[in-house]
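**Student:** sharing a model prediction with you, sequence too.
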Amino acid sequence: MEITWFGLSCFRMTERGVATIITDPYENTGGLALPRKDADVVTVSVDLPEHNNVRGVRAGFKDLTGPGEYEVGGVFITGIDIRPDRKKQETAPRNTVFVLDFDGVTVCHLGTLAHVPTQAQVEALGAVNLLLVPVGAEGRLNASQAAEVVSLLEPNLVVPMHYRLKGLQLKLDPVSKFLKEMGLADLAPQDTLKVTRTGLPEETQVVLLESHGDETTQ
């Protein structure tokens, strides 16, 4: 499986013979433009412009916008509603965490998660091989919370998302804060990430990806 990042919470996951997935496509605002790509499935974690621009994806896909269990093109997808405690759930927008199973490799996209999940919520997610985790706050996890979530889920691979990028006008924290919380110095970004079941590291490894989103002049 190959994973490409387009900035914010948007990724494209491709693997020969199974469905292509795009997560959380964003509106072309704030200094970042989403390249128009095709997909078989588009997942939307929350109904906000930074996550729900399904019109920005080429036609012909199935969109998943809430909790449930799905199978599309050989990929098993589970959507789980994970929000804070019940007192806050009434006012907090629904955040659907999607767990995608690519032939035994599980990818967990945390969407707009803004709190450290409870033990019951962690158990609901199951075993995670690749964790896509927000780290730049602005209503999402901050760096220290993200590091705590990593320690709870114990994934093989971690890819941070939703952090400050050049030209992006949103007031997000830099990824360096998260790397520091993880005990890492500067990390060189990769163009894409290729993941195989047999190539997963035994110890948790953080991977930075280059953003393939386009800068705008807005």
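**Tutor:** Now that the structure is in, tell me what you want to look at. No experiment lies behind these values; they were computed from the predicted model shown.

**Student:** would you list every one of the helices in the protein?
**Tutor:** All helices of the chain, identified by DSSP state H, fall at 86-89, 119-125, 143-153, 175-181.

**Student:** and the ones you listed as a markdown table, adding mean neighbour count?
**Tutor:** In short, each C-beta sits where N, CA and C put it, glycine included. Listed next are the helices of the chain as a markdown table, based on neighbours: other CB atoms under 10 Å:
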| stretch | mean neighbour count |
| --- | --- |
| helix 86-89 | 10 |
| helix 119-125 | 13 |
| helix 143-153 | 19 |
| helix 175-181 | 19 |
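
**Student:** for Gly79, which of the ones you listed is the nearest?
**Tutor:** helix 119-125 (11.1 Å; CB to CB).

**Student:** now do the contacts for Asp103.
**Tutor:** Glu15, Val18, Gly74, Arg197 (CB atoms under 8 Å, 6 or more residues apart in numbering).

**Student:** and the last one, how far is that from His109?
**Tutor:** What that stands for is Arg197. 19 Å (CB to CB, to the nearest Å).

**Student:** cool, and the third one?
**Tutor:** According to CB to CB, Gly74 stands 18 Å off from His109.

**Student:** look up how far Ala146 lies from Leu187.
**Tutor:** Counting by CB to CB, the gap from Leu187 to Ala146 is 15 Å.

**Student:** thinking again about what came up before, between Arg197 and His109, which one's more packed in?
**Tutor:** It is His109, of Arg197 and His109, that has more neighbours when counted by other CB atoms under 10 Å, with 27 against 13.

**Student:** let me know the pLDDT of the more buried one.
**Tutor:** At His109 the predicted local confidence, pLDDT, stands at 98.

**Student:** could you do Glu90 as well?
**Tutor:** pLDDT recorded at Glu90 is 56.

**Student:** same check, this time on Lys87
**Tutor:** Value for Lys87, per-residue pLDDT: 53.

**Student:** number the residues from 669 up from this point.
**Tutor:** Happy to do that; since the first residue is 669 now, the last one works out to Lys755.

**Student:** hmm, back to that, Gly675 is nearest to which of the helices of the chain?
**Tutor:** Minimum separation from Gly675 across the helices of the chain (CB to CB) falls at helix 843-849, 11.8 Å.

**Student:** now tell me which helix or strand of this structure has the poorest mean pLDDT.
**Tutor:** Counting by mean pLDDT, DSSP states H and E, the chain has its least confident helix or strand at helix 754-757, which shows a mean of 52.

**Student:** shaky segments in this protein?
**Tutor:** Along the chain, segments meeting pLDDT under 70 span 753-760, 884-886.
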